[in-house]
Every structure is written in structure tokens, then in C-alpha cells.
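Visitor: fold the following, please.
(2 chains)
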Amino acid sequence: MSDNKPTEERSLNFLEEIIEADLRSGKHTSIITRFPPEPNGYLHIGHASSICLNFGLAKKYHGTTNLRFDDTNPSTEETEYVESIKADVKWLGFEWARELYASDYFPQLYLFAEKLIEKGLAYVDDSSGEEIAEQKGTPTMPGYRNRYSDRSPEENLKLFREMKEGKYRDGEKVLRAKIDMASPNMLMRDPILYRIKHVAHHRTGHEWCIYPMYDFAHGQSDSIEKITHSICTMEFVPHRELYDWLIEKLGIFPSRQYEFARRNLSYTVMSKRKLLQLVNEKHVNGWDDPRMPTISGMRRRGYTPEAIRDFADRIGVGKRDNMVDVGVLEFCVREHLNKISLRRMVVFDPLKITISNYPEGKSELLLSENNPEDTGGGTREIPFSGEIWIEKEDFMENPPKKYFRLAPGQMVRLKSAYIIRCDEVKKNAHGEPVELVCTYFPESKSGEDTSGLKVQGTLHWVDADSAIPVEIREYDRLFRVEDPGSEEGDFKSYINPDSLRIISGALAEPALAAAEMGERFQFLRKGYFCPDKDSAKGRLVFNRTVTLKDAWAKEQKKA
RNA sequence: UGUCCGAUGGUGUAAAGGUAGCACCACAGAUUUUGGUUCUGUUUGUCUAGGUUCGAAUCCUGGUCGGACAACCA
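Guide: Model (predicted):
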């Protein structure tokens, strides 16, 4: 090729720029990142972005990523969450270099605290929570110290050891850093480092009754692991000053914190609190409800890890507030599913067709491609006979202009089969069509069409004799508004009442009987679907992952 | 009335003082045995007022708007 431009290097995001600069300057020879969830809930799409970011950055620069559980608050954390988080990260396709726990560092952290006390940089405070808050001032008013702040290092050391030994009750004392009660940064106003909690920890049990706060655990853990780039969300910007202060005073490995703006997704909520409400109040059927923005929900819905990674990649990373359109996610899902899913035909709302000129009692097997996007995808056999089902909405007695489907006297092709013409409409007492009598053109058989007939529409269908009944679950966005969290009143009042539609009487081509969990299908002209775990033998349940684009529906809406 | 962070089409993200680009969305056309896919094209943007400069999205100053910060949560 004459074009010798270097293979189009994509422009770097701000984190990549920082890392490349650090690598170039020799500040680091390799990088280590970490994904640090607290095991107190399920991971959602926001975490997925963070996972892709941290693991993706390390991968790009040939570094490693640790999975570290930030388990410093035993009252909220459980092993169950640890397991689900690990499963989610793995499912997304990432491998961590080390599986670590902040709780592994409790002994080391305790020593760090004693060191600070010895240096006169921390003290034990007997004040109540209210008193501490009171003395802290406000963002516009400086705080002030109390009498406990003057205790000697010796006394503090003694008191802190007693705290550790369980001599005091919850809330009776805390360890505080001695920094600056007048700092414009509230977090620097003698922040609490340790608190007493006589609570069992999911890993250390009753070994400890004092637990470090986030600020005294996170940076130190980063440092112990020699994390080079500790990437977190913007709300931690004010913590950075404290993060750096502690590393400096402790004289430990200088991990550095960098912040990015969390990605918000339209038409959903992401806060743990709100998600929990949806589950507890049964607006959804559990954390893995396919409408949930959780990783387990998306997995059950049929989203692929590839699509989610692609999504994270496309939306990139920045520092400003944002609201990413869920349409981008759906685009990524469609794009991947289009390439990999097996085509099948399923009629959701059946209308019977009798082909009057098809030999009585005859049936034949037709061939159809499994995936037109994949030439090696092979074919499958579909039975065809004189009695078939089509979609009710694919027939109109008085069709509008440009209606390419079936209507009296109008012809359509049945996908991978024949061209038919509608001759007669049989109706029930309400005047609704219940059966169409059609003729077919034998010489129009798919693949060997010599009929010379031209039709505009192609319909999906199933053979009446061999069709199997299936249940379909169609999901729509969970909320009616873009940003439920910022609307007036209770966010739950914006829930979309039609976010789940169950179709129990759908009929599927027989090949679908062999569908297995994990397989992805495109039901022709309907959307992408996957088997749900609720499927039972003889009663398959399919989740709609995402619809197909529908130019006709769009046109209808305009009209 | 404090400190910190931010502001580029409808959305997300690039352009490190020198052609405002890419993707999604939207729209139009072509192809199509899925009104799918694919292909081609089009519309739309630098918050504001000054300043520095031959030249500013980029640097400086003021303003405006949005967000974060006063948990013994992370």
C-alpha cells in the first residue's frame, strides 16, 4: 500500500495522556490499576465502565489490575456480594492479577495509625458524633479543635490500643488525624480515621472492633499494592488532598489518584439506594431482572460482554457531567448480536393462513440460512405445509400506502418459502379477520424462483403443524423520563408501567426447541432474544434483548 | 455569601496556539427474500464579555450556568 500513514492511532483520553507521560518520563516503568468495589451490592453499568477503564488501561499499557474489595465497613458487607462481583467482572471478560481485600491490611493499617499518633498527627477524640459535626464548622465557616486534641502521643497511643482491645463501646471514641480545622476542604478538618464497631466482619469475624474509614484505607491499600494510577469518580476530588497528605506523612509508596466523571445512562437509575428500592418494593423481580441496569440484569437480558465493552469504549471518559443516551448501548448490543445470532422465525400474535392450492396432506422441508451475516453459519430446515401462521399485524384489510405486507389481492413472499396471494378473508362475529385463504406460486420457491413475480414484502411465518408454543418477555425502558433521579418527587412515580409485556401464545419454528441458555437469536423482523432461566422443559421462555430498528414503525408514527 | 471541579452539534468524545473531527441520533438516497444489515450523502456545535496573539475551542481576567463538599458510608 502506498498509504504509509501510521495505523490510525486513536486520540488519547486524559488518563491515557497522563499514563503515557508517566511512562515517558520514567516516573513509572509499568502501571498497576485497581478496581475497588465495596461488597455491599450488585455491580451496575456504571461499574462496568469503571471496570473497562481500569482493566482496559492496564491492558493497553501492559500493566496489571487488582480486584480489591474495599471492605472496611462490616455492617454493610457480605460474602454473597463478593461472589457476585467476581462473577460479573469475569463475565465482562477481565482477569485480575490479584484478588485482594482492604481487610487484609487491617494489621498494617493499624500500624500506620500508631505511626501517625507517634508523630503527633493523630489523636483520640471522645466527642459524640454531633459534637464532632458541630465543631467541624461549615463550608463557609471554619471549625475549631476541642480539648481532646491536646492529648499527648503517649496518651493517644494508650487510648487507641484500648480502643482496639475492645475497652470502649461503639461511638465512644474515634481516632482523628490532626490536620487543619480551618481548611477550606472539609475533609481536612481533622478527619476520622478509625471508629469502633463491635460488628462481625465478613472475613475477619470478631478479630477487630475498630475499623478504618475509607480515607484511611483506600490510599494506603493503593500504596501497599503499589498502584500507580488510582482512578475514581469525581466525587472523590476533595479526598485527594487527604489521600496525598496521608501518603506523605506515612512516607509510603506515592500512589496517585485521578478522577473521571461517572457515566450516567438515560432512562434508568444507578444509585444503590434506588436500585435497592426497586428490588425491595418489587417494581422489578430481583437484582437480575432484565430491566435492571445491573450487570447481572443485562446478562440475563442477553447483552453480551463484547457489546458492553464496546459501549464503554465508545462513550469514552471525561470530567464533565454527562447523560449518555441508552440508545448508544442498544446500538452496541444490536451491532454485536447482528453478527452472532442465529436467525429463527417466531410468530407472536398468530393469524392462520390456509393455502388453498397446496396439496392436501403434503408438507416439505425448506432451507434457510442461520445468519446472512455469517457465510459459514450454515442452514437449517423449516417445515412448510398448507396451513401456516403469520403475524396478525402483517395483514390489513384496508392497507395504507406503502404497506408492503398482506392485504386482499396483495402478494408477499414468505421468507425462505413461496410467494403467496391473499384471496379471501374469513372473519369472526366482530368482523375481525381470523383466517386468510391464499394461493401460493409453486415456481416461486425460494432459491429457485422462476415465477418472475416481484413482491415488496417478505414475512416471517411458522408451519402450523410443527410450531412449538413459547413465552416471550418483551422489555422496555424502566422509566418514562430521561433522568428519573432529577425529576420532582419520588423517582418511582416515573416508572414505565409497560416495561414488561408477556406474550404467552407465541409460536416458534421447531428448530427453536433445541435452544439452550447462552444462545442468542434474532427472531426475524422482531428483535434479538435469548432463553431465560425460567424456561422449563416444553415451555421455553425468551427474553427480548433489544428490538430491531423499525423504519416502518417510525414512518407510521410520523404519519 | 466559601472552596474545589467542569462547560465543544440533540447525545458522548477529539483537536497539546494553525482546516472544529469521529461515533450515536435525525434526515435523504442506493442495496436487500428481515421495512433488519450494508453503502452513500445531508443538517446541526466551541456558554458569555473582554484581553494576549499574525492567528484562540485551546492561554489570561471577569461573568453566567452545572456539579461536588459540612456521614463514626464508600
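Visitor: wait, A:P433 sits on A:C422?
Guide: No: A:P433 lies out of contact with A:C422 (Cβ atoms under 8 Å); the separation is 9.9 Å. Every C-beta, even on glycine, is put in place using the N, C-alpha and C of the backbone.
Visitor: between the two, which contacts overlap?
Guide: A:F395 (Cβ atoms under 8 Å, 6 or more residues apart in numbering).
Visitor: quick one: least confident helix or strand in chain A?
Guide: The weakest-scoring helix or strand in chain A, judged by mean pLDDT, DSSP states H and E, is helix A:551-558 (a mean of 90).
Visitor: neighbour count: A:P433 and A:C422, which is higher?
Guide: Set A:P433 next to A:C422 and count neighbours by other Cβ atoms under 10 Å: A:C422 wins out with 21 against 17.
Visitor: next, the contact list for that one, please.
Guide: Counting by Cβ under 8 Å, 6+ apart, A:C422 makes contact with A:F395, A:L406, A:A407, A:P408, A:G409, A:Q410, A:M411, A:L436, A:V437, A:C438.
Visitor: doesn't A:E381 belong to a helix?
Guide: No: applying DSSP: H, G, I helix; E, B strand; the rest coil, one finds A:E381 to be strand, outside a helix.
Visitor: show me what contacts it?
Guide: A:L365, A:L366, A:L367, A:A511.
Visitor: thought A:D394 was touching A:T458?
Guide: No: taking contacts as Cβ under 8 Å, A:D394 lies outside contact range of A:T458: 10.2 Å.
Visitor: that older thread, what's the spacing between the least confident helix or strand of chain A and its chain's center?
Guide: Centroid separation between helix A:551-558 and its chain, computed with Cα atoms, centre = their mean, to the nearest Å, is 29 Å.
Visitor: does any part of it sit near RNA strand B?
Guide: Yes: counting by Cβ under 7 Å from any atom of the strand, RNA strand B is contacted by helix A:551-558 at A:A551, A:W552, A:A553, A:K554, A:E555, A:K558.
Visitor: about what we covered before: quick check, nearest of the contacts of A:E381 to RNA strand B?
Guide: A:L366 (9.2 Å; Cβ to the nearest atom of the strand).
Visitor: list the buried residues in the helix or strand where that closest one lies.
Guide: A:L366 belongs to strand A:363-369 when assigned by DSSP states H and E. By 16 or more other Cβ atoms under 10 Å, the buried positions in strand A:363-369 come out as A:L366, A:S368.
Visitor: related to what we said a few turns ago, closest to A:M213 out of the contacts of A:E381?
Guide: The shortest gap between A:M213 and any of the contacts of A:E381 belongs to A:A511, at 57.9 Å (Cβ to Cβ).
Visitor: in the stretch 401-550 of chain A, what spans have low per-residue confidence?
Guide: Of all residues in the stretch 401-550 of chain A, none has pLDDT under 70.
Visitor: what segments of the stretch 101-250 of chain A are helices?
Guide: Using DSSP state H, counting those that start in this stretch, the helices of the stretch 101-250 of chain A run over A:106-118, A:129-135, A:153-165, A:214-224, A:239-250.
Visitor: pick the most deeply packed of those helices.
Guide: Most buried of the helices of the stretch 101-250 of chain A, by mean neighbour count (mean count of other Cβ atoms under 10 Å): helix A:214-224, with a mean of 23.
Visitor: now do the shared contacts for A:D394 and A:T458.
Guide: A:V412.
Visitor: tell me which of these two has more neighbours.
Guide: A:D394 (21 against 18).
Visitor: excluding its backbone neighbours, what's nearest the more buried one?
Guide: A:R405 (4.5 Å; Cβ to Cβ, 6 or more residues apart in numbering).
Visitor: list the residues that contact the one you found.
Guide: A:D394, A:F395, A:M396, A:P399, A:V412, A:G457, A:L459.
Visitor: for the fourth one, give me its contacts.
Guide: The contact partners of A:P399, taken as Cβ under 8 Å, 6+ apart, are A:R405, A:A407, A:Q410.
Visitor: hang on, the earlier thing: for A:M345, state which of the contacts of A:E381 is nearest.
Guide: Using Cβ to Cβ, the contacts of A:E381 come closest to A:M345 at A:A511, 8.9 Å.
Visitor: check contacts around the closest one.
Guide: Here A:A511 is in contact with A:R344, A:R380, A:E381, A:I382 (criterion: Cβ under 8 Å, 6+ apart).
Visitor: give me the three-state assignment for it.
Guide: helix.
Visitor: same question, A:N398
Guide: Going by three-state DSSP: A:N398 is coil.
Visitor: quick one: the closest residue to it other than its chain neighbours and A:D423, what's the gap?
Guide: Nearest non-adjacent residue to A:N398, counting by Cβ to Cβ, 6+ apart: A:A407, 7.7 Å away. As judged by Cβ to Cβ, to the nearest Å, A:A407 and A:D423 stand 11 Å apart.
Visitor: picking up where we left off before, distance-wise, check the residue nearest to A:D394 relative to RNA strand B.
Guide: 5 Å (Cβ to the nearest atom of the strand, to the nearest Å).
Visitor: and stretch A:91-106, which residues are buried?
Guide: Quick answer for stretch A:91-106 (16+ other Cβ under 10 Å): A:W91, A:L92, A:F94, A:W96, A:A97, A:L100, A:Y101, A:A102, A:S103, A:D104, A:Y105, A:F106.
Visitor: then stretch A:278-290?
Guide: A:L278, A:V279, A:V284, A:W287, A:D288, A:D289, A:P290.
Visitor: go on, stretch A:411-423?
Guide: A:M411, A:V412, A:R413, A:L414, A:K415, A:S416, A:A417, A:Y418, A:I419, A:I420, A:R421, A:C422.
Visitor: how about stretch A:476-494?
Guide: A:D476, A:R477, A:L478, A:F479, A:R480, A:V481, A:E482, A:D483, A:P484, A:F491, A:Y494.
Visitor: measure the residue nearest to the fifth one when sequence neighbours are not counted to RNA strand B for me?
Guide: In space, and not counting its chain neighbours, A:R480 is closest to A:N496: 4.9 Å by Cβ to Cβ, 6+ apart. As defined by Cβ to the nearest atom of the strand, A:N496 lies at a distance of 19 Å from RNA strand B.
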